[in-house]
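Student: task: produce atomic coordinates for the following.
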Amino acid sequence: NADLVGHAPFCYGGPDMAADYLRTLFLHPPSREGFDGGAGSRYQAKREIRSFWYPTWLAQPAALVPGSRLVDAPPDGLTLDDIRPLARQYDLCVMHTSTPSFPGDIAVAEALKAENPRLMIGMVGAAVAVAPGASLEGSAALDFVAGNEFDFTIQEVAQGRALRDVQGLSYRVNGRVEHTPARPILENMDLLPFVTPVYKRDLTVEHYAIGYLKHPYVSLYTGRGCRSRCTFCLWPQTVGGQRYRTRSVGHVAEEMALAQRLFPQVKEFFFDDDTFTDDLPRAEAIAARLGRLGITWSVNAKANVPYGTLKVLKDNGLRLLLVGYESGNQQILNNIKKGVRLDVARRFTRDCKALGIAIHGTFILGLPGETRDTIQETIRFACEIDPTTIQVSLAAPYPGTALYDEARRNGWIEAEELVDDTGVQLSTIGYPHLPRTEIYRSVDEVYRRFYFRPRKMISLGAEMLRDRDVMRRRLSEGRDFLRFLRKHRA
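Tutor: Next up is the predicted model:
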């Protein structure tokens, strides 16, 4: 790939400043075809339709390192053969990894090290943050792994500091793994530079697509962490933290004004904070600033936002809320510490519909307390509240989460692999009364009973008739979705 290898590193901070840094490559490695496991994906798996999130967790430190470059191989269709020659152009390579993708990412690291033995290679992400020693023992090609919040950790490594002097690192010395003191959590989120200039410099926005968002879209964060205590959710229990640390309203508004100029073709912006509505006054203040810009935007929300706030958000450009309903059974919600009542979720959903706010509802099968009856409750609940679209996932016990500890303690983990050879999510948790194979098959039932209702099919068809671009996209996605269901049923 001549274009890839011949790329001149862009200097975020100017050429003079770049001279003080190692030549640094930030890499989301090549992976299985269609596998969305990068530095922005909450569920590292191949989805029902082609989906790619932005590699924001890599773009953030890339914005701190002048002269760096971000390569996101999967959405660009890049293979290991495309990436391998880059090893000779850089001094430092920082790779994002995840539990499902770690073995393949190690193979990429080893190939890059073979190409350039002097290349320093480090990994970031929740998978290595919760198991630094085991991660380093996975391959001699790894020189270090970073802890939970790694932005300034990586900046200091790129400045050429000795690894022993950088907080938040684990590294190898003479075959022995050493750990530096943990880095204090970042409190002033405005210290982080904008990620959108990195997107503009290194990424092709048209390559990123999420089925329920307009295309093309751009996603970024306005804060980190989440006040909820959901036992299954990976990021708040690892890299983000369980407090909501936020950028100032002005800082967010300034980047969005810039993003408008950088990406005039983008039809929607998505704020991927774990729960953007954790701070309602701030959400309303940001909405007011976005309203002045005329931006269409969407966010993650909990199913308990009051009508008054919903109206402010909608009046200022909000289009869609991504809502984790998880289950239609209250006891399961209590078991996972969701902090939402079903009656409140119903009221919230009615309010959104009254205001014209679309909802992408997400559900999880196989959570603690799941039975055949509760699966049927979830199906009935999903059809009753009738979100615009839904996504059904399988309970995934990621290391570092309370769900993982609970499942391991109770002997519920019946398989160690989270995805199959093609990257599709597997059911790993099973119960004496409900085997994991049955939980896996239930995903197909939920989708079929939700989407193949006459009411839903008429609604989706009407949307397609109103917009020719939506029609073309939905027909393509529909083919992907039906292929997914056939494979899932096989």
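
Student: how close does residue 251 sit to residue 282?
Tutor: Distance, residue 251 to residue 282, by C-beta to C-beta, to the nearest Å: 12 Å. Every residue, glycine included, has its C-beta placed from N, CA and C.

Student: okay, the two: which has more neighbours?
Tutor: residue 282 (19 against 16; other C-beta atoms under 10 Å).

Student: give the contact list for the residue of the chain positioned farthest from its centre.
Tutor: Ranked by distance from the centre of the chain (C-alpha atoms, centre = their mean), the top residue is residue 174, with 35.5 Å. If you count contacts by C-beta atoms under 8 Å, 6 or more residues apart in numbering, residue 174 has none.

Student: same thing with the one 4 residues further on?
Tutor: Shown in contact with residue 178 (C-beta under 8 Å, 6+ apart): 164, 170-172.

Student: repeat that for 7 Å
Tutor: Listed by C-beta atoms under 7 Å, 6 or more residues apart in numbering, the contact set of residue 178 reads 164, 171.

Student: which residue, other than its chain neighbours, is closest to residue 291?
Tutor: residue 316 (3.1 Å; C-beta to C-beta, 6 or more residues apart in numbering).

Student: need phi/psi at that neighbour.
Tutor: Torsion angles at residue 316 (phi, psi; degrees, to the nearest 10) stand at phi -120, psi 30.

Student: what's the answer for residue 429, then?
Tutor: phi -100, psi 130.

Student: is it true that it touches residue 366?
Tutor: Yes - judged on C-beta atoms under 7 Å, residue 429 makes contact with residue 366 at a distance of 5.0 Å.

Student: tell me, what's touching those two both at once?
Tutor: Residues touching both residue 429 and residue 366 comprise residue 395, with contact defined as C-beta under 7 Å, 6+ apart.

Student: if you count neighbours, what's buried in stretch 247-259?
Tutor: 247, 249, 251-253, 255-256, 259 (16 or more other C-beta atoms under 10 Å).

Student: and of the residues you listed, the nearest to residue 402?
Tutor: Among those, residue 247 lies closest to residue 402 (C-beta to C-beta), at 27.6 Å.

Student: who's in contact with the closest residue to that closest one other than its chain neighbours?
Tutor: Leaving aside its chain neighbours, residue 247 sits nearest to residue 189 (4.5 Å; criterion: C-beta to C-beta, 6+ apart). For residue 189, the contacting residues are 223-224, 245-247, by C-beta under 7 Å, 6+ apart.

Student: please repeat the previous calculation with a cut-off of 10 Å.
Tutor: Counting by C-beta atoms under 10 Å, 6 or more residues apart in numbering, residue 189 touches 221-225, 245-248, 251-252.

Student: flag the shaky bits of the protein, pLDDT-wise.
Tutor: Low-confidence segments of the chain, defined by pLDDT under 70: 1-17, 33-49, 473-490.

Student: now do the helices in the stretch 301-450 of the chain.
Tutor: Assigned helices in the stretch 301-450 of the chain, in chain order: 307-315, 330-335, 342-355, 372-385, 402-410, 436-451 (criterion: DSSP state H, counting those that start in this stretch).

Student: can you put those in a markdown table and add distance to residue 72 and mean neighbour count?
Tutor: Shown next, in a markdown table, are these (distance: least, C-beta to C-beta, whole Å; neighbours: other C-beta atoms under 10 Å):
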| stretch | distance to residue 72 | mean neighbour count |
| --- | --- | --- |
| helix 307-315 | 30 | 17 |
| helix 330-335 | 35 | 17 |
| helix 342-355 | 32 | 17 |
| helix 372-385 | 33 | 17 |
| helix 402-410 | 28 | 16 |
| helix 436-451 | 28 | 18 |
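
Student: which among the ones you listed is found nearest to residue 420?
Tutor: helix 436-451 (10.5 Å).

Student: for the helix or strand that that closest one is followed by, list every residue counted as buried.
Tutor: Going down the chain from helix 436-451, the next helix or strand is helix 454-466, by DSSP states H and E. Residues 456, 460, 464 are the ones in helix 454-466 that count as buried (16+ other C-beta under 10 Å).

Student: and the residue lying closest to the first one once chain neighbours are set aside, how far is that from residue 195?
Tutor: What it means is residue 456. Spatially, and ignoring its direct neighbours in sequence, residue 456 is nearest to residue 450 (6.6 Å; C-beta to C-beta, 6+ apart). Computed as C-beta to C-beta, the residue 450 to residue 195 distance reads 35 Å.

Student: ok, now residue 230?
Tutor: Taking C-beta to C-beta, one finds residue 230 at 25 Å from residue 195.

Student: now residue 128
Tutor: 21 Å.

Student: cool, residue 213 as well?
Tutor: 17 Å.

Student: can you give me the strands in the stretch 101-250 of the chain?
Tutor: 120-124, 144-146, 169-173, 176-179, 217-220, 223-224, 245-246 (DSSP state E, counting those that start in this stretch).

Student: name every strand pairing with the fifth one and say which way it goes.
Tutor: Which is strand 217-220. strand 268-271 (parallel) (DSSP bridges).

Student: which other helices and strands does the next helix or strand after the strand it pairs with contact?
Tutor: Beyond strand 268-271 in the direction of the C-terminus, DSSP H and E gives the next helix or strand as helix 280-293. For helix 280-293, the elements it packs on are strand 245-246, helix 249-262, strand 268-271, strand 297-301, helix 307-315, strand 318-326, judged by 3 or more C-beta pairs under 10 Å, 6 or more residues apart in numbering; DSSP states H and E.
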